[in-house]
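Novice: Sequence isn't available, so here's the structure alone:
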Ligand code: GLU
């Protein structure tokens, strides 16, 4: 009897969970929902980072500001992990409404998704051990380099340096840095602001340095499904965030203590929305 009682209680608990999941922000078949699903990184400190139940970082702050301008208060946001390799798919399948995830605007990506923004301009760089003499991508001859699948960073290496570098691709930059700390990787490559945030973590203090010679221009856009009607409103919100001083405040707060200095291309003007 006792066993049956527990089983019934367990069933009820599962039922409640299922109901919560269904009510919790999934867009109905008719497209109506009072929630908005936003894709961010969960593992990039200073940009998109899941800290227990809290979501932190510059991408997250810009997303929050934009969502609010679109009429979605914080409790209407559902944060979804959007790893580099999954972003186009997630937008095309409408698993998310918008992506703020260090997501560079590129012509290739525009074939499958749309972008609002940019809201930030970064540059590809290298993270190396503090005592390393690697000074730029042309010094990677025969070295072990780590980057992330589906990123512009990995693509650039393949396009320009593939013959000389041993490139290992992992799902996230945090994994690359862990691997470098373990000793089997000589350098990690992606955007300077991402590398600065990762290197500033307590566990790595003093171990790594960002080379500081950016070799690309990465304009961070807001990823959208091609059907989205939100681009113009998002651009208006980004401009308002910049003009109000909130953008600068958010950037400074999220890069404090990392030694990072944003390039002169910041804050950027927003591109015209695609028709
Ligand atoms: N901004 C680059 C990209 O969109 C690298 C960072 C990332 O993978 O998120 O691919």
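Specialist: Everything's here; your move. This one's a predicted model, so the numbers in the text were calculated from it and none came from an experiment.

Novice: With residue 86 as the reference, measure out to the residue most central in space within the chain.
Specialist: Computing the C-alpha centroid of the chain and ranking residues by Cα atoms, centre = their mean puts residue 101 first, at 2.3 Å. Residue 101 is 10 Å from residue 86, where distance means Cβ to Cβ, to the nearest Å. Where you see a C-beta, it was placed from the backbone N, CA and C, and this is true even at glycine.

Novice: what does residue 196 give?
Specialist: For residue 196 relative to residue 86 (Cβ to Cβ), the value is 24 Å.

Novice: neighbour-wise, which of those two wins?
Specialist: A side-by-side neighbour count of residue 196 and residue 86, using other Cβ atoms under 10 Å, places residue 196 first with 25 against 20.

Novice: what's whichever helix or strand the more buried one is part of packed up against?
Specialist: According to DSSP states H and E, residue 196 maps onto helix 192-199. Packing contacts for helix 192-199, counted by 3 or more Cβ pairs under 8 Å, 6 or more residues apart in numbering; DSSP states H and E, involve strand 43-44, strand 114-122, strand 124-129, helix 173-182, strand 208-210, helix 246-255.

Novice: what sits up against that helix?
Specialist: Contacts of helix 192-199 with the rest of the structure, by Cβ atoms under 8 Å, 6 or more residues apart in numbering, involve 44-47, 57-58, 102, 120, 122-127, 173-174, 177, 188, 204, 207-210, 212, 214, 254-255, 258-260, 262.

Novice: which of those residues count as buried?
Specialist: 44-47, 57-58, 102, 120, 122-127, 173-174, 177, 188, 204, 208-210, 212, 214, 254-255, 258, 260, 262 (16 or more other Cβ atoms under 10 Å).

Novice: Out of the residues you listed, which are close to the ligand?
Specialist: The subset of the buried ones among the contacts of helix 192-199 within reach of the ligand, by Cβ under 6 Å from any ligand atom, is residue 102.

Novice: Could you pull out the buried residues of the helix holding residue 196?
Specialist: Result for helix 192-199 [16+ other Cβ under 10 Å]: buried residues 192-199.

Novice: With stretch 159-168 instead?
Specialist: Buried residues in stretch 159-168, counted by 16+ other Cβ under 10 Å: 161, 165, 167-168.

Novice: Number of residues surrounding residue 241?
Specialist: The number of residues near residue 241, taken as other Cβ under 10 Å, comes to 23.

Novice: quick one: secondary structure of residue 185?
Specialist: Under DSSP: H, G, I helix; E, B strand; the rest coil, the three-state class of residue 185 is coil.

Novice: Would you confirm that it contacts residue 144?
Specialist: Yes: counting by Cβ atoms under 8 Å, residue 185 touches residue 144, with 5.0 Å between them.

Novice: shared neighbours of these two, which are they?
Specialist: Common neighbours of residue 185 and residue 144 (Cβ under 8 Å, 6+ apart) are residue 168.

Novice: what about the two, which has more around it?
Specialist: Between residue 185 and residue 144, residue 185 has the larger neighbour count (other Cβ under 10 Å), namely 22 against 16.

Novice: can you pull the contacts of the more buried one?
Specialist: Residue 185 neighbours (Cβ under 8 Å, 6+ apart): 144-146, 168, 176, 179.

Novice: Among the residues you listed, which one sits closest to residue 135?
Specialist: residue 145 (14.1 Å; Cβ to Cβ).

Novice: Now do the helix or strand where the closest one lies: which elements does it pack against?
Specialist: Using DSSP H and E, residue 145 falls within strand 144-148. The contact analysis (3+ Cβ pairs under 8 Å, 6+ apart) places strand 144-148 against helix 152-160, strand 166-170, helix 173-182, strand 187-191.
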